[in-house]
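Prediction below, plus the sequence it came from.
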Amino acid sequence: MNDASTQNKTMEIKLEKLNTILIKPSKPTPSHLQTFKVSLLDQVCPNNHINGTFFYPNNNNNNNNHNHHFSDFSNKSKILQNSLSQTLSHFYPFAGRLHDDTTIHCNDNGVFFIESQTTTTLSEILTNPNFKTLECFPPTTEEKQNMLLLLRFTLFSCGSTAITISITHRIADTNTVISFLNTWTAITTGNEIVPLPDLTVAAALFPPREIPGMSSGSVKTSDAKFTTRRFIFKASKIEELKIKIKNKFEFHPSRVEVVLALIWKCALSASTAVSGSKTTSSILFQAMNLRTRMNIPENVVGTLAWPFWVTVEEESHVALDEMVKRMRKGVMDFIENKVERFKEEGGFKVVVENLKERVEILKRNNENEGSLVIYNSSSWCKFPVLEFDFGWGKPVWCCSVHINLGSNFIYLMDTKNGGGIEAFVTLVEDEMKLFQQNQELLHYAVLNPTTTLISTSKL
């Protein structure tokens with residue numbers, strides 16, 4: 001299971017699309033709400049999709065008949081479609097269409113709800129989670145069309161199911177996804193208290209503005225193939241790592257800080273080895289949730305996260321404790337110097353400055369033929385992603401697959417049993433071969449183990 005050759009074996013899985021249903025809000029959006037202004041932070045976000053797939057076991061093991069599974073799936077699908085329609089009446093911009101960079105036309109055109117099935121069992125998915133397999137669940141480019149939100153409901157041959165949510169980053173961050181799922185599950189289960197979103201605060205705090213002269217600053221495309229691997233950091237190993245670093249500093253590093261620093265260090269080591277460079281120059285981008293720093297309610301819809309970055313320019317072997325120290329300093333600098341400025345003038349000046357800096361970084365890297373190694377990270381840690389119960393139990397696993405983000409991406413989420421961290425790391429193939437054999441990394445992490453979340457052989 002942990003052998004590198006096992007990782008390269010792609011389990012054959014095919015999703016058969018059964019139906020694509022257009023779901024519209026249960027109540028029409030009033031005319032005075034049909035023009036929705038996104039915030040400045042949404043305005044500068046790329047129009048790509050956040051994806052999350054939630055896997056639900058079949059808790060009815062008394063009947064293993066396919067017809068029974070399909071009938072149960074069809075009933076659940078109707079329930080989900082009905083509650084989704086009601087949920088969209090509260091999140092009405094999601095059922096609209098982008099008009100321009102700052103405006104959504106809330107025309108109630110609806111969202112796609114895609115029904116699919118596969119001959120694969122959930123047990124096969126969880127036994128050896130494979131990135132190529134998991135790529136099958138998010139909607140394809142053809143399926144997305146001009147939708148802001150899409151859902152896929154998948155039936156496994158064992159009767160288990162999966163719910164995939166795919167929503168544009170132009171109007172949503174992780175908090176928004178959580179708020180949407182909280183409302184949807186509450187309506188689905190008939191909860192008397194339905195948490196409602198706040199659709200007005202984001203644009204009020206950060207009014208959209210014209211941003212002249214801003215180019216995309218995209219990274220040069222590469223012919224290099226990249227691949228993703230999954231690593232599990234157990235709570236005990238994370239604690240060991242924290243103690244090792246804590247002994248050299250006065251502060252107590254967080255789980256995310258130490259795991260992210262270790263991954264960054266080992267990835268950088270692999271990159272240096274492949275390139276043959278004697279020095280290391282690298283940037284790690286992270287996102288800061290402004291809600292927690294600006295006393296903004298968690299139910300505010302929109303992208304209220306902003307990236308900050310940490311730079312290392314040292315000899316080829318950068319000390320792990322130094323990387324953690326720089327990461328912590330980067331967080332504190334952002335809080336002390338940027339968050340307060342976000343409160344002034346809707347953050348316009350700091351947004352423009354940061355965009356120019358990021359474009360300049362990418363431009364400089366392209367001109368120097370990629371000599372600066374850039375990594376991006378995203379964390380779902382501390383988010384209650386395994387708590388969404390639609391009436392047939394909580395998910396046993398969740399994963400977030402971003403097909404179009406390219407290489408050098410690190411995604412973290414909590415393990416189900418608490419305290420641990422699950423990491424999906426995407427690197428070019430030559431670097432991944434070295435990275436997944438790094439002994440320092442493997443002292444703290446296990447490469448793609450069989451998940452311990454399987455409670456029955458009938459999943």
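Perfect, thanks for sending it.

Output the below-cut-off pLDDT ranges for the stretch 51-200 of the chain.
61-63 (pLDDT under 70).

all helices in it, in order from the N-terminus.
Here the stretch 51-200 of the chain has its helices, by DSSP state H, counting those that start in this stretch, at 66-90, 122-127, 131-134, 141-144, 174-188.

Shouldn't residue 293 be within a strand?
No: assigned with DSSP: H, G, I helix; E, B strand; the rest coil, residue 293 falls outside any strand and is helix.

what number of residues lie near it?
17 (other Cβ atoms under 10 Å). All C-beta atoms are positioned from the backbone trio N, CA, C, and that covers glycine.

Check residue 236 too.
Counted with other Cβ under 10 Å, the burial measure for residue 236 works out to 11 neighbours.

that older thread, select, out of the helices of the stretch 51-200 of the chain, the one closest to residue 305.
Among the helices of the stretch 51-200 of the chain, helix 174-188 comes nearest to residue 305, with 7.5 Å by Cβ to Cβ.

Contacts for that closest one next, please.
Here helix 174-188 makes contact (Cβ atoms under 8 Å, 6 or more residues apart in numbering) with 50, 52, 79-80, 83-84, 86-87, 90-91, 94, 165, 167, 172, 191, 193-197, 289, 291, 298-305, 378, 380, 383-385, 388-391.

can you count the residues close to the residue nearest to residue 395 when sequence neighbours are not counted?
Closest residue in space to residue 395, ignoring its immediate chain neighbours: residue 54 at 4.1 Å, by Cβ to Cβ, 6 or more residues apart in numbering. Per other Cβ under 10 Å, the neighbour tally for residue 54 reads 21.

hang on, isn't residue 54 packed against residue 161?
No: here residue 54 does not reach residue 161: they are 9.1 Å apart, not a contact under Cβ atoms under 8 Å.

Residue 203 contacts residue 41, correct?
No: counting by Cβ under 8 Å, residue 203 stays clear of residue 41, with 9.7 Å between them.

Quick check: neighbours shared by these two?
Common neighbours of residue 203 and residue 41 (Cβ under 8 Å, 6+ apart) are residue 302.

what's near enough to touch the residue positioned nearest the centre of the chain?
The chain has residue 400 as the residue nearest its centroid, 4.9 Å off, counting by Cα atoms, centre = their mean. Applying Cβ under 8 Å, 6+ apart to residue 400 gives the contacts 50, 51, 52, 53, 378, 380, 411, 413, 424.

Kindly report the same for residue 203.
When contacts are counted by Cβ under 8 Å, 6+ apart, residue 203 is found next to 37, 38, 39, 302.

Please give the element, helix or strand, for the residue nearest to the first one when sequence neighbours are not counted.
The shortest distance from residue 37 to any non-neighbouring residue, by Cβ to Cβ, 6+ apart, is to residue 203 (4.7 Å). When elements are defined using DSSP states H and E, residue 203 is found to belong to helix 201-205.

same for whatever helix or strand comes next after that helix, what does it pack against?
Per DSSP H and E, the first helix or strand lying C-terminal to helix 201-205 is strand 226-233. Under the contact criterion of 3 or more Cβ pairs under 8 Å, 6 or more residues apart in numbering; DSSP states H and E, strand 226-233 touches helix 131-134, strand 421-428, helix 429-435, strand 446-447.

quick one, the helix or strand that strand 226-233 is followed by and strand 421-428 angle?
Sequence-wise, the next helix or strand downstream of strand 226-233 (DSSP H and E) is helix 235-246. Per axes from the mean of the first three to the mean of the last three Cα atoms, to 10 degrees, the angle that helix 235-246 makes with strand 421-428 is 70 degrees.

pLDDT of helix 235-246, averaged?
The pLDDT scores in helix 235-246 average 91.

ditto for stretch 434-450
Stretch 434-450 comes out at a mean pLDDT of 94.

Also stretch 413-427?
For stretch 413-427, mean pLDDT is 91.

That one: end-to-end distance?
End-to-end span of stretch 413-427 (Cα to Cα, to the nearest Å): 18 Å.

still on that earlier bit, which of the contacts of residue 203 has the largest number of neighbours?
Highest neighbour count within the contacts of residue 203, by other Cβ under 10 Å: residue 302, with 28 neighbours.

Enumerate every residue touching the closest residue to it other than its chain neighbours.
Among residues not flanking residue 302 along the chain, residue 202 sits closest, at 3.5 Å (Cβ to Cβ, 6+ apart). Taking Cβ under 8 Å, 6+ apart as the contact definition, residue 202 lies against 38, 39, 41, 42, 300, 301, 302, 303, 304.

quick one: pLDDT of the last one?
Taken from the predicted model, the pLDDT recorded for residue 304 is 94.

Could you do the third one as well?
pLDDT for residue 41: 94.

In three-state terms, how would it be classified?
Classified using three-state DSSP, residue 41 is helix.

Tell me, how many residues neighbour residue 338?
Neighbourhood size, residue 338 [other Cβ under 10 Å]: 19.

dump the residue contacts of it.
Residue 338 makes contact with 306, 308, 350, 354, according to Cβ under 8 Å, 6+ apart.

can you tell me how far it sits from residue 226?
Distance of residue 338 to residue 226, computed by Cβ to Cβ, to the nearest Å: 31 Å.

Same check on residue 87?
Distance of residue 87 to residue 226, computed by Cβ to Cβ: 36 Å.

can you check residue 422 too?
As judged by Cβ to Cβ, residue 422 and residue 226 stand 19 Å apart.

that's a strand at residue 36, yeah?
Yes: per three-state DSSP, residue 36 lies within a strand segment.

how about residue 228, what does it touch?
Applying Cβ under 8 Å, 6+ apart, we find residue 228 in contact with 131, 424, 425, 426.

Quick check: the last one touching residue 230?
What that stands for is residue 426. No: contact between residue 426 and residue 230 fails when scored by Cβ under 8 Å: they sit 10.6 Å apart.

Could you report the neighbour count for residue 247?
Residues lying near residue 247 (other Cβ under 10 Å) number 8.

what residues are up against it?
For residue 247, the contact set (Cβ under 8 Å, 6+ apart) is empty.

Residue 251: neighbouring residues, count only.
For residue 251, the tally of surrounding residues (other Cβ under 10 Å) stands at 12.

per-residue confidence at residue 324?
Turning to residue 324, the model gives it a pLDDT of 91.

Thanks a lot, see you next time.
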